[in-house]
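Q: Quick one, what's the 3D model for this:
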Amino acid sequence: MIRHDWTLEEIKEIYNTPLLELMYRAATVHREYQDTAEVQVCTLLSIKTGGCSEDCAYCPQAARYNTGIDVQALMQKDKVLEYARKAKEAGSTRFCMGAAWREVRDNRDFDRVIEMVKGVNEIGMEVCCTLGMLTESQAQKLADAGLYSYNHNLDTSEEHYSEIITTRTYDDRLNTLDNVRKAGVTVCCGGIIGLGESHEDRINMLLTLSTMPSHPDSVPINALTRVKGTPLEHLPKVEFWDMVRMIATTRILMPQAMVRLSAGRAEMSLSEQAMCFMAGANSIFTGEKLLTTKNPSFEEDHMMFELLGLKPREAFKDEHVHLHAH
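A: Residues are numbered from 1 along each chain as shown. Down below sits the predicted model:
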């Protein structure tokens, strides 16, 4: 049953279930709602890198931190489409374009992104963007261009948020998600663990996500990539078991969502990744880079799929249930 009325106590109880029992429960839910042999393969490209005015404590692209990132202007459309074609040939069905902006501005750069969205859509891939805050009319423009999904992560709990970011509020995040939903674009929204938060914070973030009026279509679960030069560079590495626990709890709370094993996967062994799939993860980012950090290559992932008997999920599989069928 799909529920939107989870309570904090219920989520706490699920999250604290002994790990193997939790994985079994999550795998059972996963089997009931999803094809367990299928994993959505996404590719993420940074179309505008660095120089961001925000102060997200985890992010190498914030202008105020010295992380050695080369600031790059918005890429040319033909270069982006060339990368999208390469990703499609390698088996990706969703292409996500990320720009290090605080918010979208109605200017020539946004017009260029609109053209990129149209172009990737014509290639036959699900198009996703992550461009910062959006107004209702901007979300509508993206939808009209064929945008399939918009990523805007909550990052952490509302309570912990101001420890990580001070240049925007939690409500700013929720407002953008509302604007995306109103435009009939699917929502991609998850968070990061390992930001110095408590287990309670993780549970609170899952409470916010699982009690939204409609669950996000995709929920990325990221482990902090500790980048030299950012305020969080000295935090300890996220325990693998914490990732499994988060993935399994997310799967139980939001059975129809794609649960994406995102940042942190590059540091996992093949058997650890297999446990994440067992616990309900069914989406990954593939390709050498995750915006600016290292990620497993297409070839490595192809070998893993062969070994585990997984197949890439087709693009537009849920089209009939979405409002903006093209």
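
Q: Please list all residues in contact with residue 205.
A: Neighbour list for residue 205: 154, 156, 157, 191 [criterion: C-beta atoms under 8 Å, 6 or more residues apart in numbering]. C-betas here are computed from N, CA, C, even on glycine.

Q: Can you classify it by secondary structure?
A: helix (DSSP: H, G, I helix; E, B strand; the rest coil).

Q: next one: residue 48
A: Looking at residue 48 with three-state DSSP, the answer is strand.

Q: And the helices in the stretch 1-150 of the chain?
A: 8-15, 19-33, 77-89, 108-123, 136-144 (DSSP state H, counting those that start in this stretch).

Q: neighbours around residue 92, how many?
A: 26 (other C-beta atoms under 10 Å).

Q: shouldn't it be in contact with residue 43?
A: Yes: at 4.3 Å, residue 92 counts as touching residue 43 under the criterion of C-beta atoms under 8 Å.

Q: quick one: residue 269 and residue 220, what's the gap?
A: Using C-beta to C-beta, to the nearest Å, one gets 21 Å for the distance from residue 269 to residue 220.

Q: So the two - more neighbours on which side?
A: Neighbour count, other C-beta under 10 Å: between residue 269 and residue 220, residue 220 has more, with 25 against 9.

Q: Identify the residues contacting that one.
A: With the criterion set at C-beta under 8 Å, 6+ apart, residue 220 makes contact with 151, 153, 188, 189, 190, 191, 260, 262, 283.

Q: between those, which is closest to residue 216?
A: residue 189 (4.2 Å; C-beta to C-beta).

Q: For the closest one, list the residues it contacts.
A: Contact partners of residue 189, counting by C-beta under 8 Å, 6+ apart, are 151, 152, 153, 154, 177, 209, 216, 218, 219, 220.

Q: Need the per-residue pLDDT for it.
A: pLDDT recorded at residue 189 is 96.

Q: nearest spatial neighbour of it, skipping sequence neighbours?
A: What sits nearest to residue 189 in space, not counting adjacent residues and going by C-beta to C-beta, 6 or more residues apart in numbering, is residue 216, at 4.2 Å.

Q: gap between that neighbour and residue 79?
A: 30 Å.

Q: Residue 302 too?
A: Taking C-beta to C-beta, one finds residue 302 at 24 Å from residue 79.

Q: about what we covered before: okay, the helices of the stretch 1-150 of the chain in TSV with mean neighbour count, mean pLDDT and distance to residue 183 next?
A: Output for the helices of the stretch 1-150 of the chain, formatted as TSV (neighbours: other C-beta atoms under 10 Å; pLDDT from 0 to 100; distance: least, C-beta to C-beta, whole Å):
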stretch	mean neighbour count	mean pLDDT	distance to residue 183
helix 8-15	16	98	29
helix 19-33	16	97	26
helix 77-89	16	91	22
helix 108-123	18	94	13
helix 136-144	18	95	4
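
Q: so residue 88 makes contact with residue 122?
A: No: at 11.5 Å, residue 88 does not count as touching residue 122 under the criterion of C-beta under 8 Å.

Q: Flag the least confident of the contacts of residue 205.
A: Within those, lowest confidence goes to residue 156 (86).

Q: burial of that residue, as a residue count?
A: 24.
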